[in-house]
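Peer 1: Predicted model and sequence follow; I will ask about them next.
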Amino acid sequence: MKQKLFYSLVVFFTALSAWAHYFTHSSGLQFTTAAAAIIVLAALLGKATESVSHYAGERVGGFLNATFGNAAELIIAIFLIKEGLFDMVKASITGSIIGNLLLVLGLSVIAGGIKFKQQRFNALLAGHNSSLMLLAVISLFIPAVFMRQLNVPHINQLSLMISGLLIVSYILWLIFSMITHKDVLSDENASDEEEGAIWSKGVSVLILLVATVFVAITSEWLVHSIEAVAKSLGWSEIFVGAFVIAIVGNAAEHSAAIFLAMKNKIGASVEIAVGSSLQIALFVAPTLVFVSLFFGNQMDLVFTSYELAAIGVATFIASSIARDGSTNWYEGILLVVVYIILGTAFYFI
């Protein structure tokens, strides 16, 4: 019964978003319905990736959840690049990183910590994740520092070089963590409870692909209405990108990570939340730099001081909390509080 209701909601909000886009001229209605459609489609993505992880394993499942969860944001960002809204793209990258490190991880730790006094996961993996996030912070920090000393062509060349290195680093990390050191980084604290998959392997993959296609379509509708909505509400591009788009785009990670933590699978939750941030910083952001070349106007990697400060703060506290390989509900509260502080500061910019 619950499954039928969920499928009905997916169809209803997707159809409602299509109607608003093609038959109304209200940007507010178009934005609201598109956001609602993306959220329910992202939830469908989350269910499909959780079903796939039943066949592929917890770590691969976490990676797939992060990847397809980020698909919505990547698609939205590509359409924003096409419109030349580079500042909003960078803000959405910032929002995605801090949203996953603070909000998704924080809510997961709270949800799991309320049910279980202490939850443990692989501390070695947490240490590697922290080092990779520091690499991302350094890579985004360098272009901003040297911006005043370099002209635009050199900044663009530096951005391309850094982007290429980050993509290579991320691919090598996948080889290291999932092939050469797979056993070392496995979660020995994972729960033994196992539930059956919702769908068969073939159906799970098919739903994954179909949901991604519909996310792409509704994302384009969202982008077409977002500028008008932001102006009417008096919101800055940086706030819309860093919080509104990021929360909508990360809906899949939010739901999947929290539910897994409540099943005492905090390792999988950390894999989704931190892994998603790593994927955004080391793969999605650099890829968008190369994608922008196809539209004839290259996006650089020069982020504002506000964005760099937010990413640095999120990385610092998330690393401090996760390094010991254990969590409790109060640590989740700390992460969410920092997220609210940053959100308030961005709102007033």
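Peer 2: The structure has been received and is ready for your questions.

Peer 1: for the residue of the chain positioned farthest from its centre, what are its contacts?
Peer 2: Most distant residue from the mean C-alpha position of the chain: Q149, 32.5 Å away (CA atoms, centre = their mean). Applying CB atoms under 8 Å, 6 or more residues apart in numbering to Q149 gives no contacts. From N, CA and C alone the C-beta is placed, and that goes for glycine too.

Peer 1: For L158, see how far away V215 is.
Peer 2: Using CB to CB, to the nearest Å, we find V215 at a distance of 32 Å from L158.

Peer 1: the more surrounded of those two?
Peer 2: V215 (28 against 18; other CB atoms under 10 Å).

Peer 1: That one and I39 touch, don't they?
Peer 2: No: counting by CB atoms under 8 Å, V215 does not reach I39; the two are 10.2 Å apart.

Peer 1: Which is the succeeding secondary structure element to the helix or strand harbouring Y55?
Peer 2: Using DSSP states H and E, Y55 sits within helix 27-56. Next helix or strand after helix 27-56 toward the C-terminus (DSSP H and E): helix 58-82.

Peer 1: and D87, how many residues sit next to it?
Peer 2: 18.

Peer 1: That one: what's its closest spatial neighbour, skipping adjacent residues?
Peer 2: E237 (5.0 Å; CB to CB, 6 or more residues apart in numbering).

Peer 1: Verify the stated contact: that neighbour with L85.
Peer 2: Yes: with contacts counted by CB under 8 Å, E237 reaches L85, the gap being 7.1 Å.

Peer 1: Distance-wise, check A318 relative to E307.
Peer 2: Here the criterion is CB to CB. By it, A318 lies 16 Å from E307.

Peer 1: Looking at these two, which is more packed in?
Peer 2: Higher neighbour count among A318 and E307: A318, with 29 against 24, using other CB under 10 Å.

Peer 1: Do me a favour and get the backbone dihedrals for that one.
Peer 2: Phi and psi for A318, reported as degrees, to the nearest 10, are phi -70, psi -40.

Peer 1: pretty sure it contacts L335?
Peer 2: Yes: using CB under 8 Å, A318 and L335 qualify as a contacting pair, with a distance of 6.7 Å.

Peer 1: any shared contact partners between the two?
Peer 2: In contact with both A318 and L335: 101-102, 105, using CB under 8 Å, 6+ apart.

Peer 1: And the strands in this structure, which stretches?
Peer 2: Using DSSP state E, the strands of the chain run over residues 119-120, 326-327.

Peer 1: Pull the residues that contact the first one.
Peer 2: Which is strand 119-120. With contacts defined as CB under 8 Å, 6+ apart, strand 119-120 is touched by 109, 112-113, 189, 261, 264, 266, 325-328.

Peer 1: Swap in 7 Å and give it another go.
Peer 2: Applying CB atoms under 7 Å, 6 or more residues apart in numbering, the external contacts of strand 119-120 come out as 112-113, 189, 264, 266, 325-327.

Peer 1: Which among those count as buried?
Peer 2: 112-113, 189, 264, 266, 325-327 (16 or more other CB atoms under 10 Å).

Peer 1: show me the contacts for E220.
Peer 2: Residues in contact with E220 (CB under 7 Å, 6+ apart) are F79.

Peer 1: which residues does T315 contact?
Peer 2: By CB under 7 Å, 6+ apart, the residues touching T315 are 101, 133-134, 137.

Peer 1: ok, it to M133 distance?
Peer 2: Relative to M133, T315 is positioned 5 Å away (criterion: CB to CB).

Peer 1: buried ones in stretch 134-142?
Peer 2: Per 16+ other CB under 10 Å, stretch 134-142 contains these buried residues: 135-137, 139-140.

Peer 1: Mean pLDDT per helix and strand in the chain: which one sits at the bottom?
Peer 2: One helix or strand of the chain scores below all others by mean pLDDT, DSSP states H and E: helix 246-249, with a mean of 70.
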